[in-house]
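# Here is the input, now give the coordinates:
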Amino acid sequence: MGNSDSKISFQRAVEQLGSPGPVEAGDVAVWDQLCQESLTSIQDVFSLLPAEEIRKLREDSPTNLSTLCYKIVEKLTKSVESSCRTSAEQQTVLNSCRLLTRLIPYIFEDPDWRSFFWSKPEPGMKEGADQTPLGKSMMLAICDLLFCPEFTVSSAGNRSRDEVDELINLDSCEYIWEKGVGFAQTPSQTPQHHHNRVELLRLILTCCSESIYLPPTNEAHIGGNKWVHLFTSPENRHALPLFTSLINTVCGYDPAGVLPYNHLIWADSKENLVEMALQVLVVTLDQDLPMDGDNPDGPPDNLFLNYLSRIHREEDFQFMLSGITRLLMNPLVQTYLPGSQRKVHFHQELLIFFWKLCEHNRKFMFHVLKSSDVLEIIVPILHHLNDARADHSRVGLMHIGVFILLLLSGERNFGVRLNKPYTATVPMDIPVFSGSHADLLIIVFHKIITTGHQRLQPLFDCLLTILCNISPYLKSMSMTAACKLIHLVEAFSTPWFLMSNQTNHNLVFFLLEMLNNIIQYQFDGNYNLVYTMIRKRTVFHQLANLPTDCSTMQKNASKKSKKPLTRKSSQIEDESMEGSQPARPAEPGTLKASLMKLPRIENLTEDVSAHPSKKLMDQLTQSLASNSLESGKPIAAVAGSPVQPGADVGRGEAAGSEKVEENEKKDDSSSTADKWVPTPEWISSWKNKMPLQTVMRMLQVLVPQVEKMCIDKGLTDESEILRFLQNGTLVGLLPVPHPILIRRYQANPGTAMWFRTYMW
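I've put the predicted structure just below:
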């Protein structure tokens, strides 16, 4: 009964604030009613303060809204000064946070109010009073309260609450929430403290969400997010313990528990805390876009990024990696007892966090690639990529997964680790196969390209770049993966596809470069791929003899209407893994993700040689020029080394499309595709540079041998041919191996802005 009465009085106080006349700052009864103890959850505040009431208050009584914010922040600062010792004060703090969490989004949505928290203090303040901006007072008070003994942390040692130092003088490094990075002790855990931290972290996240209300342009974000800047700056004396507390809370969490079905019996107070801590962590690790004249190589102003880049102990790296892989694999783990384990679903935030770790701490990335633990990251990423390929609403998840693979593929160890045999532990909607993790990667990429939705087409360059980067290290490819790879060559090299867009030929260049790498550097173990290339040799011959006359081109261009990249025929249908579910499109009514358009692949990556020294590279290049098998061919056609897909092959009119279009709302297909018409000059500009020589030379040597063996022995079984290819060699018959070219991801403003829009 008393609870309902207090809610009525709360509503009356809200109505009084919305009245035309200003409510005096000294009217204590009104302000106290809004922070009373009866509001026991954030849901109470949301139901008692509907959006219409807040907007009405903002438009009709702006003075009252301003005074309300000042009074709530004042209660927070007074609680810090008194060290928040009583339960009544603690309840007031929680309700104040809930009120601010409800009000702040409606302050941000009005451009005239966005500077409110950083403007001069209330006009009615006495001279000599604290002139600190309201936003700063609020943020620093929240940070103090996150390390308040008996409210958000347990008291250190055996001291009673009264013996604890004043909150404003407390050494928060002694009160880090969890054991892990930079903290060896194991603090006691209390569910109520977890709930209280969630309320405070939710308010911090709400404050940092101002980025949502700004247009997605570099100009709008040049000044950076003031809330994130303050939270991660030296002005926040708790920056280091907060950083370590958030990381340790996330990476130390194990949702599985000890007993099966324990999550159905006991509520887990840590799950909400971990999710909130992870969201705050990825938001505060956002890097400001560099302004003109800034030194991008200097230390970051963001202390969280600074601390992240300085983690160096092996045990800390392993702690973080184990935590991330455990949480990523959690929803995918199959158990004998269905539903016996708690499932967590914050994989998107985990992937952003992993991306930030690898991008800002190269030592961590090298640690990840040092062992096969990296595969525990790759398998969940490939599962999510495969599962989300038909869902428009999860296009952002597709991008972040591909970005991570692109970043890792720039390192040699990544390609080497992929050779480890794959044992199916996660059901996927892909053909059953026996092979390595590299085979899994190729098969999933084939699924994405051939059965994904149209908004994924800008990712094709990235997917094939990843395959190019790992190709020199793939020791043996399964027959299933080889067939999928050659099917991509077949699909992308059809004349109608090449003529339908001014950049589609780059996809063929990527695939040919990948095949060249495997033939030159890993021929011995890839007999399945060689056999598939021999069977599909007409694809390469047709590509080499691509017509350039106008009549044939027009005939080919007219065939381009709505042709999918699916396989035309197959002797047997691909059987998916047992227990797998097909990729489903978004539910009707689901909003499409509104994300910025990606930069072109050449702006995302930089070319580096995988060879150990420049001297060796020069020797290879010179020998390549002097030992061309066909002296009449131009050097550009030999092994394809001077030609970089996506660089400047047949660019011409495509150069103007390199600029990132900030407000792209249409499909990612080129808007100029309908107007553009291929010309013989355009085809000749890149046809003569296709790196086909290595492939054609291999076919020239092996096809007669295989045909002769089949005729002489009357072979109809492919196993004999595979055995012959397995024991064969092309030493001395191929062109001199070309230098291995690796395209490494490089940070740029376009992807930084993309991550910011995706994160929110």
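# and residue 93, how many neighbours?
Around residue 93 sit 26 other residues, with neighbours defined as other Cβ atoms under 10 Å. Every C-beta, even on glycine, is put in place using the N, C-alpha and C of the backbone.
# And for residue 525?
14.
# In this structure it contacts residue 476, no?
Yes: because the distance of 3.8 Å satisfies Cβ atoms under 8 Å, residue 525 is recorded as touching residue 476.
# residues contacting residue 46?
residue 102 (Cβ atoms under 8 Å, 6 or more residues apart in numbering).
# chain center to the helix or strand containing it: distance?
Secondary-structure element containing residue 46, defined by DSSP states H and E: helix 42-48. Counting by Cα atoms, centre = their mean, to the nearest Å, helix 42-48 is centred 33 Å from the centre of its parent chain.
# And the next helix or strand past that helix?
In the C-terminal direction, the helix or strand that comes right after helix 42-48 (DSSP H and E) is helix 51-60.
# Now do the buried residues in that following helix.
If you call a residue buried by 16 or more other Cβ atoms under 10 Å, then helix 51-60 has these buried ones: 53-54, 57-58.
# How about residues contacting stretch 274-282?
With contacts defined as Cβ under 8 Å, 6+ apart, stretch 274-282 is touched by 197-198, 201-202, 204-205, 208, 245-247, 249-250, 253, 304, 344, 346, 349-350, 352-353, 356, 759.
# Give me the buried entries from those.
With neighbours counted by 16+ other Cβ under 10 Å, the contacts of stretch 274-282 contain buried members at 197-198, 201-202, 204-205, 208, 245-247, 249-250, 253, 304, 344, 346, 349-350, 352-353, 356, 759.
# measure residue 370 to residue 315 for me?
With distances taken as Cβ to Cβ, to the nearest Å, residue 370 is found 14 Å from residue 315.
# lowest-confidence helix or strand of this protein?
Lowest mean confidence among the helices and strands of the chain (mean pLDDT, DSSP states H and E): helix 614-626, at a mean of 45.
# Report the set of residues contacting both of residue 525 and residue 476.
Joint contacts of residue 525 and residue 476 (Cβ under 8 Å, 6+ apart) do not exist.
# all helices for the stretch 101-250 of the chain, in order.
134-145, 191-208, 226-231, 239-251 (DSSP state H, counting those that start in this stretch).
# Could you verify my assumption that residue 148 touches residue 84?
Yes: distance between residue 148 and residue 84: 5.1 Å, which falls inside the contact criterion (Cβ under 8 Å).
# what residues are shared contacts of those two?
With contacts taken as Cβ under 8 Å, 6+ apart, the residues that reach both residue 148 and residue 84 are residue 167.
# Buried by neighbour count: which residues of the helix or strand hosting residue 316 qualify?
Mapping residue 316 onto the secondary structure by DSSP H and E places it in helix 314-329. Residues of helix 314-329 classed as buried under the neighbour-count rule (16+ other Cβ under 10 Å) are 316-317, 319-321, 323-329.
# Check which element follows it along the chain.
Under the assignment DSSP H and E, the closest C-terminal helix or strand after helix 314-329 is helix 347-360.
# got the angle for that following helix vs helix 239-251?
Here helix 347-360 runs at an angle of 130 degrees relative to helix 239-251 (axes from the mean of the first three to the mean of the last three Cα atoms, to 10 degrees).
# mean confidence for helix 347-360?
Regarding helix 347-360, the rounded mean pLDDT is 92.
# what's that helix in contact with?
Helix 347-360 is contacted by residues 250, 275, 278-279, 281-282, 285, 305, 308-309, 320, 324, 327-328, 331, 364-365, 368, 377, 380-381, 384, 396-397, 400-401, 403-404, 407-408, 747, 755, 758-759 when judged by Cβ under 8 Å, 6+ apart.
# Which of those fall in helices?
Among the contacts of helix 347-360, the subset assigned to helices under DSSP state H consists of 250, 275, 278-279, 281-282, 305, 308-309, 320, 324, 327-328, 364-365, 368, 377, 380-381, 384, 396-397, 400-401, 403-404, 407-408, 755, 758-759.
# about what we covered before: in the helix holding residue 46, what's buried?
Using 16+ other Cβ under 10 Å as the test for burial, helix 42-48 gives 42, 44-45, 48.
# now stretch 447-456
Of the residues in stretch 447-456, those with enough neighbours to count as buried (16+ other Cβ under 10 Å) are 447-453, 455-456.
# Equivalent analysis for stretch 487-504, please.
Of the residues in stretch 487-504, those buried by neighbour count under the rule 16+ other Cβ under 10 Å are 487-495, 497-504.
# Find the helix or strand that residue 92 is a member of.
For residue 92, the element it lies in under DSSP H and E is helix 87-108.
# swap that for residue 744, sorry
According to DSSP H and E, residue 744 maps onto strand 741-745.
# Run me through the strand neighbours of that strand, direction for each.
Partner strands and pairing direction for strand 741-745 (DSSP bridges) are strand 605-609 (antiparallel).
# Surely residue 386 and residue 431 touch.
No: here residue 386 does not reach residue 431: they are 11.6 Å apart, not a contact under Cβ under 8 Å.
# Name the residue in those two with the higher neighbour count.
For the pair residue 386 and residue 431, the greater number of neighbours falls to residue 386 (25 against 18), based on other Cβ under 10 Å.
# Assign a three-state SS to that one, would you?
Under DSSP: H, G, I helix; E, B strand; the rest coil, residue 386 falls in the helix class.
# what do you get for residue 518?
Classification of residue 518 using three-state DSSP returns helix.
# Enumerate every residue touching it.
Residue 518 is in contact with 471-472, 474, 477, 526, 529, counting by Cβ under 8 Å, 6+ apart.
# quick one: pLDDT of it?
Here, the pLDDT recorded for residue 518 equals 93.
# what do you get for residue 468?
Residue 468 is assigned a pLDDT of 94 by the prediction.
# part of a helix, is residue 434?
No: secondary structure assignment (three-state DSSP) places residue 434 in coil, not in a helix.
# show me the contacts for residue 172.
If a contact means Cβ under 8 Å, 6+ apart, then residue 172 has 147, 237-238, 241-242 as its contacts.
# 7 Å - rerun?
For residue 172, the contacting residues are 147, 238, 241, by Cβ atoms under 7 Å, 6 or more residues apart in numbering.
# Tell me the spatial nearest neighbour of the last one, not counting adjacent residues.
To tie it back to what came earlier, the one meant is residue 241. Here the nearest residue to residue 241 in space, its sequence neighbours aside, is residue 172; by Cβ to Cβ, 6 or more residues apart in numbering that works out to 4.3 Å.
# Likewise for the first one?
The spatial neighbour of residue 147 that comes closest, neighbours along the chain excluded (Cβ to Cβ, 6+ apart), is residue 172 at 4.0 Å.
# so what's residue 421 bridging to?
What pairs with residue 421, by the bridge criterion (DSSP bridges), is residue 436.
# follow-up on the earlier one: kindly indicate which of the buried residues of helix 42-48 lies nearest residue 103.
In terms of Cβ to Cβ, no member of the buried residues of helix 42-48 lies closer to residue 103 than residue 45, at 9.4 Å.
# which residues sit in contact with the closest one?
Applying Cβ under 7 Å, 6+ apart, one finds that residue 45 lies in contact with 39, 98-99, 102.
# If we use 10 Å, what do you get?
10, 34, 39, 95, 97-103 (Cβ atoms under 10 Å, 6 or more residues apart in numbering).
# Turn these into CSV, including distance to residue 689, pLDDT and neighbour count.
Formatted as CSV, the contacts of residue 45 follow (distance: Cβ to Cβ, whole Å; pLDDT from 0 to 100; neighbours: other Cβ atoms under 10 Å):
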residue, distance to residue 689, pLDDT, neighbour count
10, 73, 69, 21
34, 71, 66, 22
39, 70, 70, 21
95, 69, 88, 25
97, 62, 91, 27
98, 64, 90, 24
99, 65, 90, 22
100, 61, 92, 22
101, 59, 93, 20
102, 61, 91, 19
103, 61, 91, 20
